[in-house]
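1. sequence unknown, structure follows:
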Ligand code: SF4
Ligand code: SF4
């Protein structure tokens, strides 16, 4: 029986180094090309300066800003404390302490007793949003994040729920209940074109909810 020899597949393509002509070797064409680009930008009248903070910037549709924790239809925190976001986070900036769900919450085993996200350490990659199985954590269009202390930028559960309350009705930050083919951000194709992002007043940033159950959407509703 004769052995059939298979030809190895050609996987490498050798490219000959192009030879420089006289003009190329003087580098004049490359210099002229560079100067042409410089002149084009010098004479371009189209301004790209934005008068911030008087004029709010136009952000891209997929801008990833401050996080929020969503609420479900019963106003409870949607998070089920599965730790997927904390596991996926490359910056290690999410800390969650889980607690067994009360008997009147039969749809879940756990909820986050505490949920802290360090907005200073975050690199706004969106991995947490991608990893969440119940669309509980989302990144919003809020970009103007400031604070006088490190602690003020450690967003706890109440603060993250406060961001949800501020942004849920903004067409720029719809609650994403179903994933597009390219992930949560794919649904942004149906959003309005560029526009100013949501601004959260300082008074709302420090919103605190004293109760552990995180069921109420406003301070008034549980007083
Ligand atoms: S956006 Fe990225 S870095 Fe920030 S919390 Fe989510 S996963 Fe971590
Ligand atoms: S936010 Fe989502 S991924 Fe993170 S612990 Fe809660 S349910 Fe899990």
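-> Ah, there it is. From a predicted model like this one, the values you see are computed outputs, not experimental measurements. Ligands and ions are numbered 1, 2, ... in the order given.

2. Run through the residues that contact the spatially most central residue of the chain.
-> Nearest to the mean C-alpha position of the chain, counting by CA atoms, centre = their mean, stands residue 64 at 3.0 Å. Residues near residue 64 by CB atoms under 8 Å, 6 or more residues apart in numbering: 124, 125, 126, 129, 139. Every C-beta, even on glycine, is put in place using the N, C-alpha and C of the backbone.

3. Also within reach of ligand 1: list those from those.
-> When contact is defined as CB under 6 Å from any ligand atom, these meet ligand 1 at 124, 125, 126.

4. how about the first one, secondary structure?
-> Three-state assignment for residue 124 (DSSP: H, G, I helix; E, B strand; the rest coil): coil.

5. Please apply the same query to the one 5 residues further on.
-> Local secondary structure at residue 129 is given as helix here, using three-state DSSP.

6. correct me, but it touches residue 137?
-> Yes - counting by CB atoms under 8 Å, residue 129 touches residue 137, with 5.9 Å between them.

7. Between the two, which has more neighbouring residues?
-> In this view residue 129 and residue 137 are compared by other CB atoms under 10 Å, and residue 137 has more residues nearby, 25 against 20.

8. which residues pair with that one across the strands?
-> residue 69 (DSSP bridges).

9. Just give the strands next to the strand ranked longest in the chain in its sheet, each with its orientation.
-> In the chain, assigned by DSSP state E, the strand with the most residues is strand 110-118. In the sheet, strand 110-118 lines up against strand 94-100 (antiparallel), strand 154-155 (antiparallel) (DSSP bridges).

10. sorry, back to before: need the residues touching each of residue 129 and residue 137.
-> The contact lists of residue 129 and residue 137 share residue 85, where a contact means CB under 8 Å, 6+ apart.

11. Touching, residue 163 and residue 139? I think so.
-> No - at 10.0 Å, residue 163 does not count as touching residue 139 under the criterion of CB under 8 Å.

12. so what's in contact with those two at the same time?
-> With CB under 8 Å, 6+ apart, residue 163 and residue 139 have common neighbours 66, 67, 68.
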